[in-house]
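Student: Fold the following, please.
(4 chains)
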There are 4 protein chains.
Amino acid sequence: MQARRLKYAMIGGAKGSFIGPVHRMAIRLDDLADLEAGCFSRNADDNLAAARACAVADSRVYSDWASLIEAEKSRIDFVAVCTPNDSHYAITKAALEAGLDVMCEKPLSMTLEEAKELKAIATERGCVLAIPFTYSGFPMVKLARDLVRKGEIGEICKIVLEYQQGSFRKIDFTKPLDKRNTWKMDPARSGASCVVADIGVHGFHLIEYVTGLKVQSLLADLSSFAPGNALDDDASILMRLAKKDGGAITAKASMVVSKVATGEENGVRLRVYGEKASLFWNQESPNYLSVKYPFEAERIYKRNAPYVKEISEAATRSSRIPAGHHEGFIEGFANIYSEFCAAVRARRNAGGIVREFDYPGAEDGERTMRFVEAALKSNREECVYVSMVS
Amino acid sequence: MQARRLKYAMIGGAKGSFIGPVHRMAIRLDDLADLEAGCFSRNADDNLAAARACAVADSRVYSDWASLIEAEKSRIDFVAVCTPNDSHYAITKAALEAGLDVMCEKPLSMTLEEAKELKAIATERGCVLAIPFTYSGFPMVKLARDLVRKGEIGEICKIVLEYQQGSFRKIDFTKPLDKRNTWKMDPARSGASCVVADIGVHGFHLIEYVTGLKVQSLLADLSSFAPGNALDDDASILMRLAKKDGGAITAKASMVVSKVATGEENGVRLRVYGEKASLFWNQESPNYLSVKYPFEAERIYKRNAPYVKEISEAATRSSRIPAGHHEGFIEGFANIYSEFCAAVRARRNAGGIVREFDYPGAEDGERTMRFVEAALKSNREECVYVSMVS
Amino acid sequence: MQARRLKYAMIGGAKGSFIGPVHRMAIRLDDLADLEAGCFSRNADDNLAAARACAVADSRVYSDWASLIEAEKSRIDFVAVCTPNDSHYAITKAALEAGLDVMCEKPLSMTLEEAKELKAIATERGCVLAIPFTYSGFPMVKLARDLVRKGEIGEICKIVLEYQQGSFRKIDFTKPLDKRNTWKMDPARSGASCVVADIGVHGFHLIEYVTGLKVQSLLADLSSFAPGNALDDDASILMRLAKKDGGAITAKASMVVSKVATGEENGVRLRVYGEKASLFWNQESPNYLSVKYPFEAERIYKRNAPYVKEISEAATRSSRIPAGHHEGFIEGFANIYSEFCAAVRARRNAGGIVREFDYPGAEDGERTMRFVEAALKSNREECVYVSMVS
Amino acid sequence: MQARRLKYAMIGGAKGSFIGPVHRMAIRLDDLADLEAGCFSRNADDNLAAARACAVADSRVYSDWASLIEAEKSRIDFVAVCTPNDSHYAITKAALEAGLDVMCEKPLSMTLEEAKELKAIATERGCVLAIPFTYSGFPMVKLARDLVRKGEIGEICKIVLEYQQGSFRKIDFTKPLDKRNTWKMDPARSGASCVVADIGVHGFHLIEYVTGLKVQSLLADLSSFAPGNALDDDASILMRLAKKDGGAITAKASMVVSKVATGEENGVRLRVYGEKASLFWNQESPNYLSVKYPFEAERIYKRNAPYVKEISEAATRSSRIPAGHHEGFIEGFANIYSEFCAAVRARRNAGGIVREFDYPGAEDGERTMRFVEAALKSNREECVYVSMVS
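Tutor: Okay, here's the model as predicted:
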């Protein structure tokens, strides 16, 4: 028997959007759901153009997201929210309250309070709420997590995470700015943070995902190097981690995230040091994972190689093609959607949320917003450690 | 106005197939066409299972490909042929004669004569016939070609191409062989060549695609190292190239292709040396292209970076996401399909084949079969140079 | 006319020493000086064995360093001090006071006060005092510095420095410890700091050397992860830099140094981000320097390539063999000695210290001790920023 | 008791020589011998200048090599021959006949006959004759050889060797050529071959050294791409190998060597494929060796890491400093000299040649000249396989 195909609507994601098309490609890659309705842009022409490019019927294109949710709530399974940060909360809240499952872009909200509220609503309604912390969808990141879980690297003491982008160095600040590229510098659209909220959250999530540890406190030194930027565009963050929330500190982390790292494209580099071995993953060479030992040769694991299967079912399941044939960002994104859609199907069948799926959910949405607020607070308080414990 | 969506059928590609799913994912990624009919396997259960997994209606599943072509020829636009080598010719011939466009897996046929015939039929019928020489779909390969075209590396004198796989080292030859993995060693299914026909053709096509040169003669030393293998599984091939067929030799190439290169996954490495600079591309790090100069620092070009656009419209057009976010094999494959589908649409509108599209076509199918036969002949004749000139 | 050959004595550097042989090899490589006397070990057998292995006459082997200085001060030009940290100050002081030039291993002393005193003595006596901050001797580091000086990367805003070693993970703490490997954990021999004083100083010096900036304040979070270690073996350090001491902060740095970074050997990685471009150097691939731009391909500079000459006379002068033929650690060390010996010769001819030579001197010795003390203070004060301004 | 220090003379190696200074630095690095006499150049000024720079007494500088050998034969232990190819034979012959040991630059001679004669003389006189096939002195090459010997990669079937230089692309052929850079293109100085004799011999030696196999026949396609070059500057060579001379063919090799590989510096890359695993070594990253397996993660071995010791005593013995601190070309060269000097000492003590030392000797000199002549013959005979069996 053929499974009922899922149906979804997209909000945001018209011309000029990077992430909207990624959501659509990721969903199509594995044939997870059909895009049936949309409110792609406040600009009517852009909205219609996007709809037609996606083969969405004109009758199901909406000029505002509230109308979309009202009209489509019984016809679709989930909403993909691809708008700027300032509307994440309202859209997600409305969609959840309409009983829809939601994939909402990061950051989940403008404030921690909003994130808590969204988590509460999702829990209460039994809805699936996911946030695409993409890097946790990469097979070699799942392998890293499973190597940690199996004790291969021993107790973790140190984590080094870089997320370096040079995007703000590609902007000509001497000319009028194109809002599509620079809304992230606008507090009204981006929120109280730029780089921490935009990519710092990826780094934070990646650390907790791979290590299984929980950040207990952090210290942040934020900078604004881009001309005229009122928000943070560079951050150095130190963290202390425990095995569980409120537990004793067993590890420390150093994180650097930047949008002014000239010449970098998307330099996500994660190093995890354990007592027995260490892990290194570089998003710009995503199909490899390096494991280094004191008394053995360094090992380079390759995506979907036979030996990966024995260590990580998740890494193997999230691979499509043999080792040596590279998968990349869209495939990693699709792995988030694949787990999300499985959860959506499960709830539709079972009537309740199922949390054993491997996607970043409401809890991660809340924790990352807690991280953002803690970083801002530490920076305001002249770089002291501030608590992340709830 | 929304373009009419293309429709296609797949022959081959059931459980155990590597390439069938790749075709389907590549097509879906860019929403190029809908899979509407199929004859996925001679095994009825596998056939039906594949169809259902692909949401093909039971009524459009066929137990033999001839019936599919007959029944579907007026309902679909093209056929994707994903069967073993021995049926490529017959299926492609029948599909072309039915007026269908065809994407046929390499090698196009078992013999050069068959390839010539298919090219003639495609030309006569005005059909689009393409062969997925995947690596020519990678953006950085297109950039390499365009750097050559623009004279950036000067006159080419030497090419070094490796295509190293260790797949035959993963087979346990002490046990009964699984035909799904080992049919390529069976002359009845694979033809007179194994490694040259299977991956040598990729290497050959890549060289001609990037350099724009034409191989005039070649010398091949073939080996069979896998236990009990009657066909070639390792080859060293020297080639002499000219600017046009029949022209003076201006460059030489050394190619190594293997299926017994233990530990290699899909090691496609291309080096092109010109008078002014040289190029290096490695499929296992596909988003980068290295250019080396005598008197300047080596340059590493990155997929979809701003400076790529000025050099290669093709490289930019075949990218989906920003530099730093990796694209891989499926995306490269999708680029072949994207050009192919554009050609299919063009012919459906215009009533004639359009050859300015950038996909490997009937001519490449013929040349690669000429290459296979020349390699076999050279090896039989104790490794002398044999002509590739038609 | 043949230059008078320099003559030197070594203190420390017997069996089990890593750095003693490096000093000797570095000096021999470029034929800079002859080793004529030594006090290699307090152990008489080891002392004599080392002397004979180095062709030092038995009559010029001393059982204590004070006797050596007294007896040799008029026969030699300089002393190489290769002992553990706790004797650096006393030996260097005595040697300087005897009018000898000194190459003293880092850290220069146990305290900042001692370092200041040594600097004062060297200045007063007109002696050459150098500390082998080896990485500043590598040609590609000199190229990096000169690219910065020439404005190639624009105003610097961010520096990321890792110095990761896993050496303490190679120690079996369940057995009695070999003091030769573990004296760095012993406060009596190592001083108040282990990792910061041992390798943090390298990182600090490298940052100031390459960027030309001065660290104004720093914040340090130190850890002791190795079993039973009373001193720091892992550190995360944030720094704020200005163009001159006391100037306005224009850049920030994040540094990670560790001796418990399991599996790392000597992972010195420096990233410098400027407004116009960024630099990356990795000591484990020392003959390359990467420069990344927003709108141009990444460039990989190679040691002693023709284009390096135009940018950095220092990088070219400190290379011995053509690009492509690698030089490594000993060669980098020899470059420090080469500049030091040139200064020694100059002073012997001119009667006064000459400071245009490119070696780390007394000022660097003082600054690095200031850095160590600031890091310890910040850590004691719960990780607040503390001033580095003198 | 202190060993008597060896004494040597150098012939060739004045201003403009790349390799002369390398010999001298390599010898000094490990304090192996003292340079006491020399005939560095036919140009009297250059000769004297070189001597003084090396601290050779004016009284021991000779205007011709014959006088040097005559005058110094009882005062020195060995001669380092660093002249162009055309004088290797005569100098080496005279030195051996004078009872001196000889380190002679490659190629050993202009013809195979000469090489045979030199081998015979060395054998008869009991002299140590070595040729610095440098790459066999690199620790990771020794590790590769020992991994093969221990059966770690199983029976070898394929070898791929590249030695790519772009040196001839740095010459401005529109201007009068500087003989110091271009004598290798002059048949009178270089002999009948340029690239094969100059660097092809390194590749050939490296293959036989690492694999322990013997080349039985080869096929060569030579080209002259540099303007006006009468000799080969690019070669593609196929080889067939057996376990012993005259044995059955068990492996094949493909070699590419070039001096017109634009942008390459010294690209020596060796891949050895066995039944069980494969090896990859790249001279431009010389402190690493990669081993790839079908069913295990790739392993990266690092020079002088603890696990290397268990596999290869030779790799460990030929390392000076810990893993992570790089050694390069001079150190590799020094390892050749270290073994050579040990043999020289042994013979001086024992009165007879000792061949268990690990340096390339007369036999390698002969084999590499056989290789050169076979390559030239194959190329003349339109690229047929020609025998290497003596």
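
Student: State the helix or strand in which the nearest residue to residue A:199 once chain neighbours are set aside lies.
Tutor: Spatial nearest neighbour of residue A:199, excluding adjacent residues (Cβ to Cβ, 6 or more residues apart in numbering or on different chains): residue A:163 at 4.9 Å. Heads up, the C-betas are built off the backbone N, CA and C, glycines and all. Assigned by DSSP states H and E, residue A:163 belongs to strand A:156-164.

Student: what angle sits between that strand and strand C:156-164?
Tutor: 150 degrees (axes from the mean of the first three to the mean of the last three Cα atoms, to 10 degrees).

Student: if we can go back for a sec, what pairs with the residue nearest to residue A:199 across the strands?
Tutor: residue A:257, residue A:268 (DSSP bridges).

Student: What residues does it make contact with?
Tutor: A:199-200, A:202-203, A:255-258, A:267-269 (Cβ atoms under 8 Å, 6 or more residues apart in numbering or on different chains).

Student: So which residues on chain A come close to chain D?
Tutor: A:291, A:294-302, A:305-307 (Cβ under 8 Å from any Cβ of the partner chain).

Student: filter those residues by proximity to chain C?
Tutor: Restricting the residues of chain A next to chain D to those within reach of chain C (Cβ under 8 Å from any Cβ) leaves A:291, A:294-295, A:298.

Student: Tell me how far the closest residue to residue A:68 other than its chain neighbours lies from chain C.
Tutor: Once flanking residues are discounted, residue A:68 sits nearest to residue A:62: 3.9 Å by Cβ to Cβ, 6+ apart. As judged by Cβ to the nearest Cβ, to the nearest Å, residue A:62 and chain C stand 38 Å apart.

Student: my guess is residue A:62 contacts residue A:40, does it?
Tutor: No - using Cβ atoms under 8 Å, residue A:62 makes no contact with residue A:40, being 9.2 Å away.

Student: more neighbours, these two?
Tutor: Neighbour count, other Cβ atoms under 10 Å in any protein chain shown: between residue A:62 and residue A:40, residue A:40 has more, with 27 against 21.

Student: do you know how far the more buried one is from chain C?
Tutor: From residue A:40 over to chain C (counting by Cβ to the nearest Cβ), the distance is 29 Å.

Student: Now do the contacts for that residue.
Tutor: Residues in contact with residue A:40 (Cβ under 8 Å, 6+ apart) are A:10-14, A:20, A:46-47, A:50-51, A:61.

Student: what about it, distance to residue A:101?
Tutor: Going from residue A:40 to residue A:101 by Cβ to Cβ, to the nearest Å gives 20 Å.

Student: One more: residue A:11?
Tutor: 14 Å.

Student: Touching both of the two, which residues are there?
Tutor: Between them, residue A:11 and residue A:101 share these contacting residues under Cβ under 8 Å, 6+ apart: residue A:79.

Student: where does the stretch 151-300 of chain A have low pLDDT?
Tutor: Judged against pLDDT under 70, the stretch 151-300 of chain A has no low-scoring part.

Student: All the helices of it, residue numbers only.
Tutor: Secondary structure of the stretch 151-300 of chain A (DSSP state H, counting those that start in this stretch): helices at A:179-182, A:187-190, A:195, A:201-211.

Student: and those, which is most packed in?
Tutor: Each of these was scored by mean neighbour count; the highest is helix A:195, a mean of 31, by mean count of other Cβ atoms under 10 Å in any protein chain shown.

Student: what about that one and chain C, any contact?
Tutor: No - Helix A:195 lies out of reach of chain C by Cβ under 8 Å from any Cβ, never closer than 11.6 Å.

Student: okay, now the closest residue to residue A:33 other than its chain neighbours: neighbour count?
Tutor: Distance criterion Cβ to Cβ, 6+ apart; nearest residue to residue A:33, sequence neighbours excluded, is residue A:6 at 3.6 Å. The local packing of residue A:6 (other Cβ under 10 Å) involves 21 other residues.

Student: any idea which residue sits dead centre in chain A?
Tutor: residue A:133 (1.7 Å; Cα atoms, centre = their mean).

Student: where does residue A:353 land on pLDDT?
Tutor: For residue A:353, the pLDDT comes out at 64.
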